[in-house]
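Chemist: sequence and predicted model, in that order:
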Amino acid sequence: MITLTRAKQHLKLAITAEEAEAYTDEDAIIQGLINGAYQYAEHHTQTTLASRIKTLVLDGFPAGSCSVELPWTPVTAIESLDYIDPEGVELSLDAEALRLDTRGIYPTLAPQWGSQWPSTTDEPECITITATVGEAETPPDVEIALLLLIGHWYENRESVVIGTISSAVPMGVDMLLAPYRIHAVG
């Protein structure tokens with residue numbers, strides 16, 4: 001994740017890490033730009049770039065041992081899988097009972113070989129899957145794209161610039177994010 005210190009150095013508000021940490025006047029603005037850049041890049045690529053915990057709620061398991069497609073990529077770990085059984089008791093499946101397949105664009109989760117999903121209550125929202133998603137570290141080319149966005153938004157704080165001619169940086173943000181982009185159809 002891009003830190004405030006790294007962003008301040010990129011914005012030329014400070015040269016050293018000590019200077020960046022001492023300058024706090026615009027921390028809220030710069031942090032907002034960092035967050036916005038990550039959001040933009042994640043929306044543009046359909047990939048989770050910053051590591052965080054996400055939750056998926058389901059109305060039931062697929063039949064037998066069929067996989068559940070997780071709506072995030074990449075998924076690094078399944079933290080928990082809680083479900084409500086037919087008697088209304090909330091139970092958990094251990095990580096050892098699950099098989100996470102990360103080979104596809106979107107990872108899938110299934111019970112271990114030779115086993116099936118447990119029975120659940122016939123009520124909506126009876127399954128909660130919690131996973132760690134995203135990259136542990138921002139890839140270098142993505143970091144450059146994010147810093148370009150942060151710098152652009154810092155210098156151009158309004159939605160419209162009047163009286164100037166502007167153009168996109170060749171081989172800029174879109175080109176840097178292109179290898180991470182998942183193209184959707186439909």
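Modeler: It's in. Residues are numbered from 1 along each chain as shown.

Chemist: the longest helix along the chain: what's the following helix or strand?
Modeler: For the chain, the helix that runs over the most residues, judged by DSSP state H, is helix 27-45. Counting by DSSP states H and E, the next helix or strand C-terminal to helix 27-45 is strand 52-58.

Chemist: strand partners of that following strand, parallel vs antiparallel please.
Modeler: According to DSSP bridges, strand 52-58 forms sheet pairs with strand 127-133 (antiparallel).

Chemist: from the middle of its chain, how far away would the strand it pairs with be?
Modeler: The chain centroid and the centroid of strand 127-133 are separated by 13 Å under CA atoms, centre = their mean, to the nearest Å.

Chemist: kindly report the same for stretch 45-58.
Modeler: Going by CA atoms, centre = their mean, the spacing between the C-alpha centre of stretch 45-58 and its chain's C-alpha centre is 4 Å.

Chemist: how about stretch 159-167?
Modeler: Relative to the centre of its chain, stretch 159-167 is centred 32 Å away, using CA atoms, centre = their mean.

Chemist: ok, and what's touching that stretch?
Modeler: Residues from elsewhere that reach stretch 159-167 (CB atoms under 8 Å, 6 or more residues apart in numbering): none. Yep, even glycine has a C-beta here, placed from its N, CA and C like the rest.

Chemist: could you export that stretch as CSV, CA atoms only?
Modeler: What follows is the C-alpha trace of stretch 159-167 in CSV, where atoms were taken according to Å, rounded to 0.1, in the frame of the first residue of the first chain:
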residue,chain,number,x,y,z
SER,A,159,-13.2,18.8,-12.0
VAL,A,160,-12.6,21.3,-14.8
VAL,A,161,-9.5,23.2,-15.8
ILE,A,162,-10.1,26.4,-17.7
GLY,A,163,-7.7,28.2,-20.0
THR,A,164,-5.1,25.4,-20.5
ILE,A,165,-4.3,22.7,-22.9
SER,A,166,-3.8,19.3,-21.4
SER,A,167,-3.1,15.8,-22.6
